[in-house]
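In: 3D model of this:
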Amino acid sequence: MSLCTSCGTQLSPSARFCHTCGTPVEPSEPAVRTPLSTISSPSTPRKAARIMFPVLFLVGGALVWTYLNPSVNPVIKAQTVVTQPVNYGSEFISMVAVNYTVEGDDIIIPLSEVTKNHLVRFEYIGGKTPRPVMAYIARDGRIVTAISVSEHCGSSEFRIKDNRIYCAHCPSYWDMMTMEAFACCGRYYPDPIPSRVEGNEVRIKKDVVEGWAGRL
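Out: As a prediction, this is how the structure comes out:
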């Protein structure tokens, strides 16, 4: 029930004039309704999902690709390519012992011995602790030099098969380029160390071999 704006008399809902003073009754304002366009659209979450799904798909795909294609070990990646790519088959290639010489700060082994035998080894005794060192030709033709030790099982002997490095004394083996592990010794692969090639010489810095401290 509304009131007259002039005299305050109560008015009926249908009154157009105040029956006491005759003042015209002003029509009341209609209720304001919220336009449908201002109400949150139920499609907003779907729009967000359409944006997020491709992003999540790309991120997930990148993670899967990285898992299936691990990066080449950074030390190995920096090594020199010395031969054509090699595809090692299902027959084991064992280590061949080679002699080394020392010249100044370098330990030297013949490159020809590595390319001929594919996997060689020597025991460097110039430092406080003897260090077994290996060299092999990776599947892409790079020469790889490494400390020939797996501290987990104590082995210093390794073999090559199926483009992988196998421990000679436990079930562990690793990809020869990435050092990804396939069994128990995980991070205790033959530890790659840098070397350089000069003519028929593979040169390794003495301080790198002597200063290797292990990973345990």
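In: could you check which helix or strand contains the closest residue to Pro194 other than its chain neighbours?
Out: Nearest residue to Pro194 in three dimensions, chain neighbours excluded: Val75, at 5.9 Å (Cβ to Cβ, 6 or more residues apart in numbering). (Each C-beta comes from the backbone N, C-alpha and C, glycine too.) According to DSSP states H and E, Val75 maps onto helix 74-77.
In: adjacent strands (with direction) for whatever helix or strand comes next after that helix?
Out: As assigned by DSSP H and E, the chain's next helix or strand after helix 74-77 is strand 93-94. Using DSSP bridges, the strands paired with strand 93-94 in its sheet are strand 158-161 (antiparallel).
In: what's downstream of the strand it pairs with, the next helix or strand?
Out: strand 164-167.
In: what's that next one packed up against?
Out: In terms of contacts (3 or more Cβ pairs under 8 Å, 6 or more residues apart in numbering; DSSP states H and E), strand 164-167 is packed against strand 158-161, strand 173-175.
In: now these as CSV including distance to Glu210?
Out: As requested, the helices and strands packed on strand 164-167 are exported to CSV (distance: least, Cβ to Cβ, whole Å):
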stretch, distance to Glu210
strand 158-161, 21
strand 173-175, 24
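In: any idea which of the ones you listed gets closest to Glu198?
Out: strand 158-161 (25.0 Å; Cβ to Cβ).
In: pLDDT below threshold where in the chain?
Out: The model of the chain has pLDDT under 70 over residues 1, 11, 22, 27-70.
In: tell me where it has helices.
Out: 44-68, 74-77, 111-117, 206-210 (DSSP state H).
In: what number of residues lie near Ser172?
Out: Using other Cβ atoms under 10 Å, Ser172 has 21 neighbouring residues.
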